[in-house]
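>>> Sequence and predicted structure are below.
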Amino acid sequence: MKLIRFGSIGKEKPGVIIGEKRYDVSSIVTDFNEAFFEDNGLEKLKKALESNPVLPEVEANVRLGSPVARPSKIICIGLNYVDHCHETGAPIPAEPIIFFKSTTSLCGPNDDLIIPKNSEKTDWEIELAFVVGKKASYVEEAEALDYVAGYALLNDYSERAFQIEMGGQWAKGKGCDSFAPLGPFLATQDEIADVNNLPMWLTVNGKKFQNSNTSNLVFKIPFLVHYLSQFMTLLPGDIISTGTPPGVGLGIKPDPIYIKPGDVIELGMDGLGSSKQVAKAYSK
């Protein structure tokens, strides 16, 4: 299945994509949130759809929100592509680097990117994200995929001055409003033949900066589920973003490139669709 949430900000309803069309499933489920995943919602929804219910069609011009409701946490993995380590001058991690994005950074896949107040170094990062399907604590790697609900496209926007130059943890440069556009949809595992071989790309104003494949991940999803669950309980609906490949603005030589108001950022991944954000300056 391909799950979507649609409608105005804060009033999104759950839906699905069948073929090329979008359908409203709010008559079957309340939302794609922690309670939905915890209550075996994916299997129940799948069975409900097998009976071919009459569902309202959602027009193509209706806004898409994040395909999952605001979770308990958004966990990100840093420096998880070998070439990205090289371009940033960082060593390849011996263990995953973990940081959090604020849950208020989560937004729809095509919502505007709001460049934060006083920002001069807002940057892009295409990433493969996955959503936790059931409560996970001390999970064995061999069983890890049993805890994954599905996969989605995410842009891990980052303000490099906040992140790197102001001391402390990375979170300051990662959690700004609109810094985690997710989607357009959440694809359940059966929709993706090989999650470890997904080509991905990102452009800014039509110029391609990132062009890679999930085959280049240092730490794969099963290990990440296992590893993270040793340090915290993962709850249904939690979002884990697996890191970005080379081609971020920070790594461009000799002079880094950062996002300016009016820039158009587009990104996509095989099997997970594409998204588009237009950068706008912060205003009250």
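That came through, no problem.
>>> I'd like to know how many residues surround the nearest residue to residue 68 once chain neighbours are set aside.
Counting by Cβ to Cβ, 6 or more residues apart in numbering, the nearest residue to residue 68 once its immediate chain neighbours are dropped is residue 32, at 5.0 Å. No exception for glycine: its C-beta is placed from N, CA and C like everyone else's. The local packing of residue 32 (other Cβ atoms under 10 Å) involves 29 other residues.
>>> Isn't residue 32 up against residue 186?
Yes - Residue 32 sits in contact with residue 186 when judged by Cβ atoms under 8 Å, with a separation of 7.2 Å.
>>> Mutual contacts of those two, please.
With contacts taken as Cβ atoms under 8 Å, 6 or more residues apart in numbering, residue 32 and residue 186 have 3, 67, 68 as neighbours in common.
>>> Quick check: the residue nearest to residue 68 vs residue 269, distance?
Note on residue 32: its distance to residue 269, by Cβ to Cβ, to the nearest Å, is 20 Å.
>>> if we can go back for a sec, model confidence score at the residue nearest to residue 68, please.
At residue 32 the predicted local confidence, pLDDT, stands at 98.
>>> same deal with residue 165?
Residue 165 carries a pLDDT value of 86.
>>> so what's it up against?
With Cβ under 8 Å, 6+ apart, residue 165 has no contacts at all.
>>> make it 10 Å
By Cβ atoms under 10 Å, 6 or more residues apart in numbering, the contact set of residue 165 is 121, 159, 172, 173.
>>> do the same with residue 275
64, 108-111, 126, 152-155, 181-184, 202, 265-269.
>>> Please put the alpha-carbon coordinates of stretch 72-82 into CSV.
Output of stretch 72-82 as CSV, limited to C-alpha atoms (Å, rounded to 0.1, in the frame of the first residue of the first chain):
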residue,chain,number,x,y,z
SER,A,72,6.9,10.7,19.3
LYS,A,73,10.3,11.3,17.7
ILE,A,74,12.3,11.8,14.5
ILE,A,75,15.7,10.1,14.7
CYS,A,76,18.4,10.7,12.1
ILE,A,77,21.6,9.0,11.3
GLY,A,78,24.6,11.2,10.4
LEU,A,79,27.4,10.5,8.0
ASN,A,80,25.9,7.2,6.8
TYR,A,81,27.3,7.3,3.2
VAL,A,82,31.0,6.7,2.6
